[in-house]
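1. Sequence and predicted model, in that order:
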Amino acid sequence: MTDAAAALKAENVRMTFGETKALDNVSLTIEPGEMVALIGPSGSGKSTLLRVAAALQKADSDSGPVSVLGRVMQKSGKISSGVRANRARLGFIFQQFNLVGRLTLFSNVMLGALGRLPAWRGALGLFPIAVKQAAMDALERVGIAEFAGRRASNLSGGQQQRGAIARALVQGAECLFADEPIASLDPVSARKVMELLRELNQTDGLSVVVTLHQVDYAQKFCDRTVALNKGRIVYDGPSDGLDRDKLVEIYGPEFEVAFQGGES
Amino acid sequence: MIRLMSQIFVRLTLLLMLAGLASCSAPTGDDSETTTSPAALADPGERRTLNFGIIATESSSNLESNWRPFIAAMSEWTGYDIQPFYASDYAGMIQAMRYGSIQVAWFSNFSGLQAVRLGGGQVFAKATYPDGSEGYNSVLIVPADSPIRSVEDILTCDGTIDFGMGDPNSTSGYLVPSAFIFAPRGIDPSECFNSVRNANHEANAVAVANGLIDVGTNNTTNMTLLQRTRPDIAAQIRVIWTSPPIQTDPIIWRSDLDEEAKQRLQYFFMNYGRMGTPEEIAEAREVLDPLYFGLFLPSSNAHLDPIVQLEIVRDLTEARNDPDLSEAERETRVAELRARLAEVEAGNTGLISQASAVGDVQTDAPAQAHASSVNWIASGAMLGLALVLLTLLLWASAPRGPGPRVPLMERIANAVIAAGVIIILVWSFDSADMDRAYLLVENAGDMGEFIAGFFPENLSAASRTAYSQNLMHGFSEAIPQMIVTVQIAIWGTFIAVFAAIPFGLLSARNVAPNWVVQPVRRLMDVFRSINELIIALVFIAAVGLGPLAGVMALAVHTTGVLAKLFSEAVEAVDNGPVEGVRATGAMPLHEVIWAVIPQVAPLWTSFGLYRFESNARSATVLGLIGAGGIGQILFEAVRAFDYQRTAAIVIVIVVAVSAIDLLSQLLRKRLV
């Protein structure tokens, strides 16, 4: 990571679904090496922001530009022409893991190299030895190398999510966008995945942006938290600056009831 | 794996191209060769090949083994390699002659006329019967115990008689009775009789014997055969009318065949069984006898004049009775046909006929004319019934008591659909002949008797041995043919699966843009909706009769079916993994290969195997037009009333289809 371009830079990004404003003039900059949590109630626009940033979804035509690692991903509702090369530098982790169930874990992880290989090699599945080595190393790193030969669909949720992270490692991603990575996981797996993300952030210097439902995870694993509500940024600052009043402001009065229910 | 598949695909494409080239170049190569080589006789390595087409009719059972010695003699006498091609239906044969993949053929009279008109054929010889006679007769048959004594008894037209007409293209079953009984008396069978049904000779004979129809058409050849193979059925039938003789079958060659080949063929047909030592002559007679042939006689296109005449008489009848013609049109048409008839009788046919002749027969067949009459009262009644039904259904679905309310619009929609289904069933009742369904119960005994014909006559040891010998003989004949049929299905399905992968992806909305999806889908609709038999005719024009035409027909039709099924599977994939692959920076092609295809592979495999099973059955039918395989001998056996042989063939088909089903189940379990 030689250039000091922002990991994510959004300027006046707008996105509407029908009548609803999912993103309402959102501007946000995330510096390289940061680990940032995106929180907010359902429908606040946090997932949309990540998907727009990875150009998996088009923003409105009057929207400002979004760039990742200094490259414009989309602008005014048009996806940039070099988007595939840019996506290759960015790892995306999904709530439902999005591994290909009938392929082995090993194959799934190697798919991370598709963006770098010549098209014909990728099409025929002729992965070079170096990619195979990288895939095994990545699996070793996330701690599931022993399941390399299993079909992805036969693995537990936590194992699949770690497989998805290994795929991002094979990509050689310089930053990770994780969209609700632990929402479908049991508490133990969830903690392992969050620890893994933090380790990649701290040892490898990967920038990590993670959307979360659980405020306590944000506070425990991320230094900075950005909160959205109805498509607007309502908080951006240190995670430990989020007190009860702020949270009620973000999530609404029901939060208190839920929060206390969670404590008991 | 993918690499291996692409290699196979390349090889397959090459193979297909080569096959195409070979079949295109073969006829021209042959022609240039023969003009220079009378020495062909001397050097067997350079013998020219002539293709000889044989139409399987009622009078031919054990087609191939009976014809083999004749073909051998023909090869020996002409010095050519005579290659026989068999077909049960003449459409394929005419197509093959038209496009030059058959040079000589034995046709029936009516199909011969079509071959001369459409296939560039020319009559040069005709067959005689073993007893030396040059013709056969059309007959009318009634149940043995029927009160009907003569043809006059059925022409009272009191609307009580059920009449079994032959197939509209049959000379003896349709043309001759129309020309000699109905046309001269100005009688329209559909008005004269209670019902008129079109069926082939065998079906008519069985129906008469069982008293299901009062009168049926048939011919003397068929009756003789019936007496020999099913005396029990023949005994229940009485002949009440015999027509003037119909000529024997013509032997036809392509009129543009070179002189040398024509001379050699002429020499063979005119001298075979006549020339040589007494032993040689006796041997030839033995070869000809099972084919129902005596010696051959020279002939010309004039052989077909009586058929042209019959055809005009038939057209005349139709013109007189066609309700769609205005009075003026009718008069012009009748005058026109009369003039033509006069010309033909003066010996000047030139085989003229309007191209629509065949079409006319089909559209104006009596049974259909009867069905198409619009009945306004019935339509009114139907509408009334629909309204009553709707009201009833709405009333029945009205909400009563507690529970969520179904909105009125939804209830109306449901009632309309339910009423629609009932109305469609009622509407189809008459045309589908369901009003006669009670006969299924009433005549169950007759069905049983007929089916019993497939089993040993009695339980005596001798009968059982004879039966099992027949069965064994049938098996030994049917099994190799079944294997051919399965092999046709294997290649037809294989090609289709390969073609259906790109077509299926291109007709999936989530993979291809709409401007690609729509045209590809319409093309697949075309592939799918055209019957294999018709596609096969198209391919016969290029590759001639034989299994390859069948393979290609199955491949095209199956591509249409599989592409649709494949694309439906693609449209139902989970988009998550696709997005997962996209997010790594992969190309759309990679998304398809790595995220779509792995998801649909089990379904695709299952569809492919299922179509393979269906194709093994479809390939059977393709035998009808000469595409080879077990279908050919099946239709032969049925037409020859050879029920034990039929039983053996049916058993082989059932066993093979079940085996394929079991095998594909195993494969599916393994692959999914």
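-> It's in.
2. pull the helix or strand with minimum mean pLDDT from chain A.
-> Taking mean pLDDT, DSSP states H and E as the measure, helix A:254-263 is the helix or strand of chain A with the lowest mean score, a mean of 56.
3. got it, and chain B?
-> Least-confident helix or strand in chain B using mean pLDDT, DSSP H and E: helix B:357-363, a mean of 36.
4. neighbours around whichever residue of the stretch 101-250 of chain A sits closest to chain B, how many?
-> Per CB to the nearest CB, A:Gly115 is where the stretch 101-250 of chain A lies closest to chain B, at 2.8 Å. All C-beta spots, glycine's among them, are computed from the backbone N, C-alpha and C. The local packing of A:Gly115 (other CB atoms under 10 Å in any protein chain shown) involves 23 other residues.
5. can you check A:Arg121 too?
-> For A:Arg121, the count of nearby residues is 15 (other CB under 10 Å).
6. Give me the buried positions along whichever strand or helix holds it.
-> Using DSSP states H and E, A:Arg121 falls within helix A:119-124. Within helix A:119-124, the residues that qualify as buried are A:122-123, counting by 16 or more other CB atoms under 10 Å in any protein chain shown.
7. Beta-bridge partners for A:Thr211, please?
-> Applying DSSP bridges to A:Thr211 yields these beta-bridge partners: A:Leu38, A:Asp179.
8. so it sits right up against A:Asp179, yeah?
-> Yes - with contact defined as CB atoms under 8 Å, A:Thr211 and A:Asp179 form a contacting pair (5.4 Å).
9. Name the residues contacting each of these two.
-> Shared between the contact lists of A:Thr211 and A:Asp179 (criterion: CB atoms under 8 Å, 6 or more residues apart in numbering or on different chains) are residues A:47, A:50.
10. All the strands of chain B, residue numbers only.
-> B:49-55, B:81-87, B:104-106, B:121-127, B:135-136, B:138-143, B:162-165, B:195-198, B:215-219, B:237-242, B:246-247, B:250-254, B:296-298 (DSSP state E).
11. In the chain, spot the helix with the most residues.
-> Since you didn't name a chain, this refers to chain A. Longest helix of chain A, by residue count under DSSP state H: helix A:187-203.
12. The chain in question should be chain B.
-> Across chain B, the longest stretch assigned as helix under DSSP H is helix B:461-506.
13. quick check, distance from that one to the centre of its chain.
-> 18 Å (CA atoms, centre = their mean, to the nearest Å).
14. by contact count, what packs against it?
-> Counting contacts by 3 or more CB pairs under 8 Å, 6 or more residues apart in numbering or on different chains; DSSP states H and E, helix B:461-506 packs against helix B:2-36, helix B:514-529, helix B:547-571, helix B:597-622, helix B:630-639, helix B:643-671.
15. Now the weakest link among the ones you listed, please, by mean pLDDT.
-> The stretch with the lowest average pLDDT out of the helices and strands packed on helix B:461-506 is helix B:2-36, scoring a mean of 43.
16. what's the closest of the helices and strands packed on helix B:461-506 to B:Thr493?
-> Using CB to CB as the measure, helix B:597-622 is the one of the helices and strands packed on helix B:461-506 that comes nearest B:Thr493, at 4.4 Å.
17. quick check, the closest one touching chain A?
-> Yes - where contact is defined by CB under 8 Å from any CB of the partner chain, part of helix B:597-622 touches chain A, namely B:598-599, B:601-602.
18. Check those against A:Ala183 and report the nearest one.
-> Using CB to CB, the shortest approach to A:Ala183 within these belongs to B:Gln599, at 23.1 Å.
19. Please identify the nearest residue in space to that closest one, excluding sequence neighbours.
-> Once flanking residues are discounted, B:Gln599 sits nearest to B:Val573: 4.5 Å by CB to CB, 6 or more residues apart in numbering or on different chains.
20. okay, now the one you found: neighbour count?
-> In terms of burial, B:Val573 registers 19 neighbours under the definition other CB under 10 Å.
21. quick one: pLDDT of it?
-> pLDDT at B:Val573 comes out at 92.
22. was I right about it contacting B:Arg509?
-> No - under the contact definition of CB under 8 Å, B:Val573 does not touch B:Arg509, with a separation of 11.6 Å.
23. show me what contacts A:Leu99?
-> If you count contacts by CB under 8 Å, 6+ apart, A:Leu99 has them with A:105, A:108, A:152, A:160, A:163-164, A:167, B:577, B:580.
24. Find the nearest non-adjacent residue to it, please.
-> When the adjacent residues along the chain are set aside, A:Leu99 lies closest to A:Ala152, with 4.0 Å between them (CB to CB, 6+ apart).
25. show me what contacts that neighbour?
-> Residues in contact with A:Ala152, defined by CB under 8 Å, 6+ apart, are A:97, A:99-105, A:108, A:160, A:163.
26. who wins for most neighbours among those residues?
-> Busiest of the contacts of A:Ala152 [other CB under 10 Å] is A:Asn108, holding 31 neighbours.
27. Give the burial count for A:Pro118, as a bare number.
-> Residues contacting A:Pro118 under the criterion other CB under 10 Å number 8.
28. got it, and the one 10 residues further on?
-> A:Pro128 is flanked by 12 other residues according to other CB under 10 Å.
29. Same check on A:Glu11?
-> The burial count for A:Glu11: 15, using other CB under 10 Å.
30. Same check on the one 3 residues further on?
-> The burial metric for A:Arg14, expressed as a neighbour count using other CB under 10 Å, is 20.
31. same thing with the one 5 residues further on?
-> Counted with other CB under 10 Å, residues neighbouring A:Glu19 total 5.
32. Tell me the spacing between it and chain B.
-> Between A:Glu19 and chain B the computed distance is 24 Å (CB to the nearest CB, to the nearest Å).
33. what sits against that residue?
-> Under the criterion of CB under 8 Å, 6+ apart, the contact list for A:Glu19 is empty.
34. returning to that earlier point: do you know the pLDDT at the residue nearest to A:Leu99?
-> The per-residue pLDDT reported for A:Ala152 equals 91.
35. For chain B, which residues are neighbours of chain A?
-> With CB under 8 Å from any CB as the criterion, chain B meets chain A at residues B:1-3, B:6, B:576-577, B:579-587, B:589-590, B:593-595, B:598-599, B:601-602.
36. Can you turn the buried part of the residues you listed into a PyMOL selection?
-> What follows is the PyMOL syntax for the buried subset of these, where burial is set by 16+ other CB under 10 Å:
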select buried, chain B and resi 576+577+579+580+581+582+583+584+585+586+587+590+593+594+595+598+599
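37. got the contact list for the nearest residue to B:Ala500 once chain neighbours are set aside?
-> For B:Ala500, ignoring the flanking residues on the chain, the nearest one in space by CB to CB, 6+ apart is B:Leu562 at 3.6 Å. Applying CB under 8 Å, 6+ apart to B:Leu562 gives the contacts B:496-497, B:500, B:504, B:607-608, B:611.
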